[in-house]
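Q: Structure of the sequence below:
(one chain, ligands or ions: 1)
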Amino acid sequence: MKILIVGAGGRLGAALMREYHGEHDVAGFNHAQLDLSSFDKIREKLGGTDFDVLINAAAFTNVDLCEQQPDRAFRINAEAPRVLAEICGEKNAKLIHFSTDYVFDGEKRAPYTEEDEANPISVYGESKLAGEKNVLATGDRSASAKATADRHLVVRVSWVFGPDRSSFIDGMIKRAQESETVDAITDKFSTPTYTHDVAKMLSQFFDSDVEGGILHFANAGRCSWQEYAQWALDCCDKAGLSLKSKTVGACSLKDMANWIARRPVYSVLSTAKYTQLTGISPRTWREAVADYITRFYSKK
Ligand SMILES: NC(=O)c1ccc[n+]([C@@H]2O[C@H](COP(=O)([O-])OP(=O)(O)OC[C@H]3O[C@@H](n4cnc5c(N)ncnc54)[C@H](OP(=O)(O)O)[C@@H]3O)[C@@H](O)[C@H]2O)c1
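A: Next up is the predicted model:
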């Protein structure tokens, strides 16, 4: 099976490239090789490439910048995925498109299921939701394109971390290595999700016979950013890393005066559908973080 990854230089895209190398016939385009804001270029590059599954891990992910540049956000996060879906339709290929917990407003206090209504509270969330709809729309397509579109998969993930690009957890570890005090938000909840685990789960959905639609994936459990950071430091301490600060202090969402976009307070994703489809329960976020730190920090 030929897998093509768009956004191959990002946190998730680079992890997928690495994890699938050797296991699948995998190729990728990073941002410099393919700019999703140029639809002609997308058609030109992908039209001339052979693939069975196209994975779109590219997105305009800077949540605050999206607020200031809505046209760019919608072009990359909503319109480009429509073009990708159309190309897949023409090639009878499957599109796997990543989306986000930020499509929800965060008002719920139990894990969000795929059936819960999305109600984004930021331009980023709105643009990503529009992208989901464009990927899954069957509208005025031909019968064969509709059949292909029914197989397209939108995978929503949350709080993604991994070795290929620094994220919240790496920032916290760095600060704890350099500073006597570290703090993190206590009143915002979701689930950290390891790119390695996303790669493992995703390959179960490459088969074109597997039904498409929306699917949530995250590691198991939930936490605040403060709990997440504290666990990361506990793991680093156990791994023998030298830390100037071993305790993460508390701060609150209202302290984030420099944030432009609103963020959902609670955005835990239910993975019940994933478990029902595969019979597999994701490992806990604590196990995933511990694994990441053992693999990528303990030898540093
Ligand atoms: N990170 C998270 O916590 C998180 C949470 C929920 C959902 N997600 C979703 O997961 C997916 C992957 O995100 P990620 O964490 O891997 O983010 P990332 O590291 O920011 O990766 C996104 C990639 O897209 C590229 N990109 C941006 N604009 C582009 C354009 N116009 N044309 C082509 N490529 C472009 C970026 O390149 P440059 O860096 O060169 O701009 C980057 O390589 C996205 O769909 C995101 O919405 C992420």
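Q: Need the outlier residue of the chain, farthest from its centre.
A: Glu180 (31.7 Å; CA atoms, centre = their mean).
Q: Find me the pLDDT at Lys146, would you?
A: At Lys146, the model reports a pLDDT of 68.
Q: for the helix or strand containing His97, what is the average pLDDT?
A: Secondary structure assignment for His97, by DSSP states H and E: strand 94-100. Strand 94-100 shows a mean pLDDT of 97.
Q: Return it as CSV; C-alpha atoms alone will do.
A: C-alpha atoms of strand 94-100 as CSV (Å, rounded to 0.1, in the frame of the first residue of the first chain):
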residue,chain,number,x,y,z
LYS,A,94,-8.5,7.2,0.9
LEU,A,95,-8.0,10.5,2.7
ILE,A,96,-7.1,10.5,6.4
HIS,A,97,-7.4,14.1,7.7
PHE,A,98,-6.4,15.2,11.2
SER,A,99,-8.6,17.5,13.2
THR,A,100,-8.7,18.8,16.8
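Q: Check which helices and strands that strand is in contact with.
A: strand 53-56, helix 80-91, helix 123-136, strand 153-157 (3 or more CB pairs under 8 Å, 6 or more residues apart in numbering; DSSP states H and E). The way it works is simple: take the backbone N, C-alpha and C, and place the C-beta from them, glycine included.
Q: Give the partner strands of the shortest one in its sheet and their orientations.
A: Looking at strand 53-56 with DSSP bridges, its partner strands are strand 2-6 (parallel), strand 94-100 (parallel).
Q: Single out the most deeply packed of those strands.
A: Most buried of the strands paired with strand 53-56 by mean neighbour count (mean count of other CB atoms under 10 Å) is strand 94-100; its value is a mean of 26.
Q: and that one with the ligand, contact?
A: Yes: counting by CB under 6 Å from any ligand atom, the ligand is contacted by strand 94-100 at Phe98, Thr100.
Q: That strand to helix 80-91, inter-axis angle?
A: Counting by axes from the mean of the first three to the mean of the last three CA atoms, to 10 degrees, strand 94-100 lies at 160 degrees to helix 80-91.
Q: what about Ser122, neighbour count?
A: 21 (other CB atoms under 10 Å).
Q: Can you report how many residues neighbour the closest residue to it other than its chain neighbours?
A: Distance criterion CB to CB, 6 or more residues apart in numbering; nearest residue to Ser122, sequence neighbours excluded, is Ala261 at 4.1 Å. Neighbour count of Ala261, defined by other CB under 10 Å: 17.
Q: Give the helix, strand or coil label for Ala261.
A: For Ala261, the reduced secondary structure class is coil; criterion used: DSSP: H, G, I helix; E, B strand; the rest coil.
Q: my read: it touches Pro120, true?
A: No: contact criterion CB atoms under 8 Å: Ala261 and Pro120 do not qualify, at 10.1 Å.
Q: ok, the nearest residue to Phe29 once chain neighbours are set aside - contacts?
A: Using CB to CB, 6+ apart and skipping residues adjacent in sequence, the residue nearest Phe29 is Val6, 5.5 Å away. The contact partners of Val6, taken as CB atoms under 8 Å, 6 or more residues apart in numbering, are Gly13, Gly28, Phe29, Leu34, Leu36, Leu54, Ile55, Asn56, Ala57, Ala58, Leu84.
Q: Report pLDDT for the last one.
A: With respect to pLDDT, Leu84 scores 97.
Q: How about the fourth one?
A: Per-residue confidence (pLDDT) for Leu34: 97.
Q: Leaving out sequence neighbours, find the closest residue to it.
A: Among residues not flanking Leu34 along the chain, Lys45 sits closest, at 5.3 Å (CB to CB, 6+ apart).
Q: Next, the angle from the strand or helix carrying the one you found to strand 2-6.
A: Here Lys45 sits within helix 39-47, counting by DSSP H and E. Interaxial angle of helix 39-47 relative to strand 2-6 (the same axes, to 10 degrees): 160 degrees.
Q: List the buried residues for helix 39-47?
A: By neighbour count on 16 or more other CB atoms under 10 Å, the buried set for helix 39-47 is Phe39, Ile42, Lys45, Leu46.
Q: sorry, back to before: for the residue nearest to Phe29, give the beta-bridge partners.
A: Beta-bridge partners, per DSSP bridges, of Val6: Phe29, Asn56.
Q: Distance of it relative to Val53?
A: 11 Å (CB to CB, to the nearest Å).
Q: Repeat that for Glu114.
A: From Glu114 over to Val53 (counting by CB to CB), the distance is 21 Å.
Q: These two: which has the busier surroundings?
A: Set Glu114 next to Val53 and count neighbours by other CB under 10 Å: Val53 wins out with 24 against 16.
Q: was I right about the more buried one contacting Lys94?
A: Yes: using CB under 8 Å, Val53 is in contact with Lys94, at 4.9 Å.
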